[in-house]
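Asks: Below are the sequence and a predicted model for it; my questions follow.
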Protein chains: 2
Amino acid sequence: MNQSGESLRDRKKRRTRAALERATLRLSAERGFDHVTVEEIAAEADVSVRTFFNYFASKDDALIGADPETGPRMAERVLAADGVTPFEAFRAAVLAEIDDELNNARDLWLLRKDVLMQRPDLLVRAFASSAEAEQLIGAAVAQRSGLPADHLYPRLLVAAGTVAFRCAVTRWALDDEVALGDLISEALDLLGAGLAHAPHHHEGGPS
Amino acid sequence: MNQSGESLRDRKKRRTRAALERATLRLSAERGFDHVTVEEIAAEADVSVRTFFNYFASKDDALIGADPETGPRMAERVLAADGVTPFEAFRAAVLAEIDDELNNARDLWLLRKDVLMQRPDLLVRAFASSAEAEQLIGAAVAQRSGLPADHLYPRLLVAAGTVAFRCAVTRWALDDEVALGDLISEALDLLGAGLAHAPHHHEGGPS
DNA sequence: TGCAAACTTGCAGTGACTGCAAAAATATCC
DNA sequence: GGATATTTTTGCAGTCACTGCAAGTTTGCA
């Protein structure tokens, strides 16, 4: 291993993963997600098809850049935030995550936007693969709440938070000129305050 | 066409659909969802594989019995409920739907329970196909709210409601001795009241 | 330099899913 | 009751996502 924390191997893996993600998004933005084969993606990223599947469990996963580290990292974030409610901890974790994402991979998110503009429903399908991540984050929320791990609240919070994220991304992809972070924040606030009452509608107002 | 509202054709279609659903669930409960092929399901239901795909767009869809009429029917229910908030209308529509379901196809739900006991994560995947139904119901909620169809609130309500349903079904499949309707009701209440504050935990209390 | 571990690749195979056109079943009209 | 139009079922051929395995290649470490 090198003196730095990241070995050659790690660096190569990160580059390959990024290349596959970028290839998936670039080609999909160009001709539509299901007019692109994994074979083409792999070719564009200059690796074998088999290698594609070493990095992503499915084509859908490559679309959202599903990363096995996301779940554990989010769980850690939830546990780390101190002196706030579990909900606030979760909210902060989500916002921190997307902030990092936009800082480190803004180009990928712009491509993603192009793809989702064409087919917003892809997001619904793609998020279905996050089951085990939800599990982990839910356990963290449960721990912070002093609730049993199988209680309804943590599961519902994480699941609803995930769809809030999804809704926000969808809106972001369609409407122009809004910051993604703001949309996510708004959606989470709505969940926090309760959906019992619809917000009033202002012509040309916020959102 | 017969004197009754339902022709021979309609009756046969309903029977075939039910047979396919039942075959999917029976075989999956027995040996696990992904150790069953569509070929086997079709054989059990006594139709061709191609016919299976005339009824269900995917194997996942057969698992939850995805019905093209569900979306429109739910939308209608939302619009029909009168003199209540959009949230209440949605809530009532969901509860009415599951009530009908349990009355008309309780046996299928018991089989479903067996399958989900083994693999709760299947539900997450299966619900991903409901994108267009969500669209329809969301439009109905928007109309009742006096909000534009692309506003965040209706989309979020329906999406969150869907995962609330999903969470409730998962809990129902794992815990014994609880009515599914009660669990769904509880989950929707939580959404309505807001997730900002975790409910208190009573030992042995109402989970 | 040499060994061990991690990563990549090709290959062969399974199975979901699709379009198409012919065959079978059902509805409609006289 | 029979001819005809409409639906539904089916088989077939083909594409493509995804998997396990075993061999080849690269990187880490002593």
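Replies: Sure thing, it's come through.

Asks: mind checking how far stretch A:77-90 is from the chain centre?
Replies: Its chain's average C-alpha position is 19 Å from that of stretch A:77-90, according to C-alpha atoms, centre = their mean, to the nearest Å.

Asks: Just the mean pLDDT for that stretch, thanks.
Replies: Model confidence over stretch A:77-90 averages 96 on the pLDDT scale.

Asks: Who are the contact partners of the most centrally placed residue in chain A?
Replies: Per C-alpha atoms, centre = their mean, the C-alpha nearest to the average position across chain A is that of A:Ile64, at 6.5 Å. Contacts here follow C-beta atoms under 8 Å, 6 or more residues apart in numbering or on different chains; on that basis A:Ile64 touches A:Arg112, A:Leu123, A:Ala126, A:Phe127. Where C-beta positions appear, they are placed from N, C-alpha and C, glycine not excepted.

Asks: Strands of chain A, start to end?
Replies: Under the criterion DSSP state E, chain A carries no strands.

Asks: Alongside DNA strand C, which residues does it contribute?
Replies: Residues of chain A lying close to DNA strand C (C-beta under 7 Å from any atom of the strand) are A:Arg9, A:Lys12, A:Lys13, A:Thr16, A:Val47, A:Ser48, A:Val49, A:Arg50, A:Thr51, A:Asn54, A:Tyr55.

Asks: Any quick ChimeraX command for the buried ones out of these?
Replies: Paste this into ChimeraX to select the buried members of those, with burial taken from 16 or more other C-beta atoms under 10 Å in any protein chain shown:
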select /A:16,47,55
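
Asks: Just send the residues of chain A next to DNA strand C back as JSON lines, with pLDDT and distance to A:His151 too.
Replies: Formatted as JSON lines, the entries for the residues of chain A next to DNA strand C read as follows, by pLDDT from 0 to 100; distance: C-beta to C-beta, whole Å:
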{"residue": "A:Arg9", "pLDDT": "91", "distance to A:His151": "41"}
{"residue": "A:Lys12", "pLDDT": "97", "distance to A:His151": "42"}
{"residue": "A:Lys13", "pLDDT": "97", "distance to A:His151": "37"}
{"residue": "A:Thr16", "pLDDT": "98", "distance to A:His151": "40"}
{"residue": "A:Val47", "pLDDT": "98", "distance to A:His151": "43"}
{"residue": "A:Ser48", "pLDDT": "98", "distance to A:His151": "45"}
{"residue": "A:Val49", "pLDDT": "98", "distance to A:His151": "43"}
{"residue": "A:Arg50", "pLDDT": "98", "distance to A:His151": "41"}
{"residue": "A:Thr51", "pLDDT": "98", "distance to A:His151": "41"}
{"residue": "A:Asn54", "pLDDT": "98", "distance to A:His151": "36"}
{"residue": "A:Tyr55", "pLDDT": "98", "distance to A:His151": "35"}
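
Asks: Out of the residues of chain A next to DNA strand C, give me the two with the largest separation.
Replies: Taking C-beta to C-beta, the two most distant members of those are A:Arg9 and A:Val49; they sit 21.4 Å apart.

Asks: Poorly predicted segments of chain A, please.
Replies: Flagging of chain A using pLDDT under 70 yields the residue ranges A:1-5, A:202-207.

Asks: Near DNA strand D, which residues of it are found?
Replies: If contacts are counted using C-beta under 7 Å from any atom of the strand, the residues of chain A sitting beside DNA strand D are A:1-2, A:7-10, A:12, A:36-39, A:49-50, A:53, A:57-60.

Asks: now do 6 Å
Replies: Residues of chain A found near DNA strand D (C-beta under 6 Å from any atom of the strand) are A:1, A:7-9, A:12, A:37-39, A:50, A:53, A:57-59.

Asks: Pull up the gap between the closest residue to A:Val178 other than its chain neighbours and DNA strand C, please.
Replies: The spatially closest residue to A:Val178, leaving aside those adjacent along the chain, is A:Trp172, at 6.2 Å (C-beta to C-beta, 6 or more residues apart in numbering or on different chains). With distances defined as C-beta to the nearest atom of the strand, to the nearest Å, the gap from A:Trp172 to DNA strand C amounts to 28 Å.

Asks: swap in A:Ala187?
Replies: Distance of A:Ala187 to DNA strand C, computed by C-beta to the nearest atom of the strand: 30 Å.

Asks: Then A:Val124?
Replies: Here the distance between A:Val124 and DNA strand C works out to 15 Å (C-beta to the nearest atom of the strand).

Asks: again, but for A:Leu174
Replies: In this view, A:Leu174 and DNA strand C are 25 Å apart by C-beta to the nearest atom of the strand.

Asks: That residue against A:Pro120, yeah?
Replies: Yes - proximity of A:Leu174 to A:Pro120 meets the contact threshold set by C-beta atoms under 8 Å, at 6.9 Å.

Asks: So for the two, which sits in the more crowded spot?
Replies: Neighbours were counted for A:Leu174 and for A:Pro120 using other C-beta atoms under 10 Å in any protein chain shown; A:Pro120 has more, 17 against 13.

Asks: Can you list the residue ranges for helices in chain A?
Replies: Counting by DSSP state H, the segments of chain A that form helices are A:8-31, A:38-45, A:49-55, A:59-64, A:70-80, A:86-104, A:106-118, A:121-126, A:131-145, A:152-174, A:180-193.

Asks: could you dump the first one to CSV, C-alpha only?
Replies: So that's helix A:8-31. Provided in CSV are the C-alpha atoms of helix A:8-31 (Å, rounded to 0.1, in the frame of the first residue of the first chain):
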residue,chain,number,x,y,z
LEU,A,8,-3.2,2.0,-6.9
ARG,A,9,-5.9,-0.7,-6.8
ASP,A,10,-8.4,1.5,-5.0
ARG,A,11,-7.7,4.4,-7.4
LYS,A,12,-8.2,2.1,-10.4
LYS,A,13,-11.4,0.8,-9.0
ARG,A,14,-12.8,4.2,-8.4
ARG,A,15,-11.9,5.2,-12.0
THR,A,16,-13.5,2.1,-13.5
ARG,A,17,-16.7,2.6,-11.5
ALA,A,18,-16.9,6.3,-12.5
ALA,A,19,-16.2,5.4,-16.1
LEU,A,20,-19.0,2.8,-16.1
GLU,A,21,-21.4,5.2,-14.5
ARG,A,22,-20.5,8.0,-17.0
ALA,A,23,-20.8,5.6,-19.9
THR,A,24,-24.2,4.5,-18.8
LEU,A,25,-25.4,8.0,-18.4
ARG,A,26,-23.8,9.4,-21.5
LEU,A,27,-25.2,6.8,-23.8
SER,A,28,-28.6,6.8,-22.1
ALA,A,29,-28.9,10.5,-22.4
GLU,A,30,-28.1,10.2,-26.1
ARG,A,31,-30.4,7.4,-27.2
